[in-house]
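# Fold the stuff below for me.
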Amino acid sequence: MKNKVTIKEVAQKAGVSPATVSYVLNKKKSISENTKQRVWNTVSELDYVPDLSARSLIAGNSKLIGVVVPQTEKGNRLMFENNFYSEIVSSIEYRARLRGYHVLISASDTNENYLTLAKERNLDGIIVIGIYPNSFYQEMKESQIPIVLVDSYCNDHYYHSIRIDDAYGSYLATKYMIDHGHRNIAFFCGEIKENGVMKQRLQGYREAMEEQGLTFNTKNVFEGKIDYEDGIKLAEALCKSDIKATAVVTTADILAISAMKAFYKHGIHVPDDISIIGFDDLQITKYLTPGLTTVHQDISRKGERAMDLLFNSIQNPKLTKQEEIMPVNIIERGSVKDLNDSAEKEVI
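Numbering: from 1, shown residues only. The predicted structure follows:
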């Protein structure tokens with residue numbers, strides 16, 4: 001194997017000092033055009049590749065951004081089965097690349113592990129997606145690294161954040177079902193945690209039900225994980241129960257998609273036998289049959305804005321807490337039946 005060329009070898013070949021080579025590569029000082037050209041020619045001739053780790057130590061930055069993504073379970077794989085995460089991470093990576101940064105994607109098994117990783121890799125900034133224990137946020141502050149939270153209700157003033165109004169999104173979904181004549185509405189969600197997204201979305205569901213004079217019943221709430229397998233389990237649990245639901249409000253498209261498959265296996269057709277609405281508006285939802293009616297949030301834009309906010313924080317360490325709440329709206333497709341139309345036809 002060919003030995004890696006060092007900066008000293010480049011300097012010797014170009015007839016300059018290693019410091020001068022560094023200055024040229026990093027564009028740090030005014031160097032004569034003749035010297036710069038000689039250095040660049042030598043770099044090309046020797047096929048020299050700078051050591052980014054060493055460069056980051058000298059420059060004080062690594063051009064490396066950490067992205068923390070939830071796991072399906074502690075110590076298990078990351079949640080890329082849910083396309084929400086692949087879509088948002090893709091937009092973060094693209095935006096970072098445009099600004100000259102690379103992205104390091106990882107999970108957080110324990111607070112100490114990620115804090116150590118952040119310091120060892122000299123991360124310039126971190127984007128944290130999802131909800132974590134309060135101890136995680138407290139310990140991450142010790143790093144003094146700029147951090148942006150995505151979809152978090154952590155109220156610590158140290159962190160910048162970007163999210164949607166989760167309660168309102170779920171309220172819109174539930175009200176949409178009610179406006180279409182549904183009264184017995186089940187609710188499929190992920191694990192409900194204090195100060196978490198799922199708790200907010202459950203609140204929105206409850207508010208819409210009670211606003212219309214309908215009873216909120218915990219028996220109608222089916223809780224699991226936000227993944228394909230649990231969407232099937234929740235649908236099967238509803239089928240085995242004595243609940244006569246005509247509609248299901250879900251807190252994630254992946255739950256709705258898998259539930260539709262489970263219902264089909266039980267001979268229950270969407271939307272003729274049961275209506276369902278998703279949350280996120282993943283790309284795949286428009287290609288389903290029927291297409292999935294869902295709560296739209298601009299996932300790609302959320303990732304871009306998270307990176308922009310982080311970049312601003314890196315450039316301006318004294319930037320005060322920034323919080324951005326993005327809009328949501330209903331995208332109508334074909335998974336919700338209008339029972340009002342059915343009632344009118346029966347009367348006629």
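
# surely residue 191 meets residue 197?
No. Here residue 191 does not reach residue 197: they are 10.1 Å apart, not a contact under C-beta atoms under 8 Å. Using the backbone N, CA and C atoms, a C-beta is placed for each residue, glycine as well.

# okay, those two: which has more neighbours?
Set side by side, residue 191 and residue 197 show unequal neighbour counts under other C-beta atoms under 10 Å, the larger going to residue 197 at 26 against 13.

# Which elements pack onto the helix or strand harbouring residue 148?
Per DSSP states H and E: residue 148 is located in strand 147-150. In this structure, strand 147-150 packs against strand 125-129, strand 160-164, helix 299-315, with contacts taken as 3 or more C-beta pairs under 8 Å, 6 or more residues apart in numbering; DSSP states H and E.

# so how far is the first one off the chain centroid?
Using C-alpha atoms, centre = their mean, to the nearest Å, we find the averaged C-alpha position of strand 125-129 to lie 10 Å away from the chain's own average C-alpha position.

# For residue 210, which non-adjacent residue is closest in space?
The spatial neighbour of residue 210 that comes closest, neighbours along the chain excluded (C-beta to C-beta, 6 or more residues apart in numbering), is residue 216 at 5.8 Å.

# helix/strand/coil for the nearest residue to residue 204 once chain neighbours are set aside?
Of all residues not flanking residue 204 in the chain, residue 170 sits nearest, at 3.2 Å (C-beta to C-beta, 6+ apart). Residue 170 falls in the helix class when you classify it by DSSP: H, G, I helix; E, B strand; the rest coil.

# Correct me if wrong: residue 170 contacts residue 197.
No. In terms of C-beta under 8 Å, residue 170 does not count as a neighbour of residue 197; the distance is 9.7 Å.

# Mind listing the shared neighbours of these two?
In terms of C-beta atoms under 8 Å, 6 or more residues apart in numbering, residue 170 and residue 197 are both contacted by the residues residue 251.

# Strands of this protein, residue ranges please.
The residue ranges that make up the strands of the chain, judged by DSSP state E, are 64-68, 102-106, 125-129, 147-150, 160-164, 185-189, 221-223, 247-250, 275-280, 294-296, 323-326, 329-331.

# Turn these into CSV, including mean pLDDT.
Formatted as CSV, the entries for the strands of the chain read as follows, by pLDDT from 0 to 100:
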stretch, mean pLDDT
strand 64-68, 93
strand 102-106, 90
strand 125-129, 94
strand 147-150, 96
strand 160-164, 96
strand 185-189, 98
strand 221-223, 98
strand 247-250, 98
strand 275-280, 98
strand 294-296, 98
strand 323-326, 96
strand 329-331, 98
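
# Looking at these, which one is packed in the most?
Each of these was scored by mean neighbour count; the highest is strand 247-250, a mean of 30, by mean count of other C-beta atoms under 10 Å.

# so what does that one touch, helix or strand wise?
Identification of packing neighbours for strand 247-250 by 3+ C-beta pairs under 8 Å, 6+ apart yields helix 166-179, strand 185-189, helix 228-240, helix 253-265, strand 275-280.

# Break the protein into its domains for me.
Domain ranges of the chain: 7-50, 64-165+299-327, 166-297+331-347, per automatic domain parsing.

# Let me know which of the ones you listed is tucked in deepest.
Burial among those, expressed as mean neighbours by mean count of other C-beta under 10 Å, is greatest for domain 166-297+331-347, which shows a mean of 19.

# Please report how far the nearest residue to residue 122 once chain neighbours are set aside lies from residue 214.
In space, and not counting its chain neighbours, residue 122 is closest to residue 62: 4.2 Å by C-beta to C-beta, 6+ apart. Between residue 62 and residue 214 the computed distance is 54 Å (C-beta to C-beta, to the nearest Å).

# Please list all residues in contact with residue 32.
Neighbour list for residue 32: empty [criterion: C-beta under 8 Å, 6+ apart].
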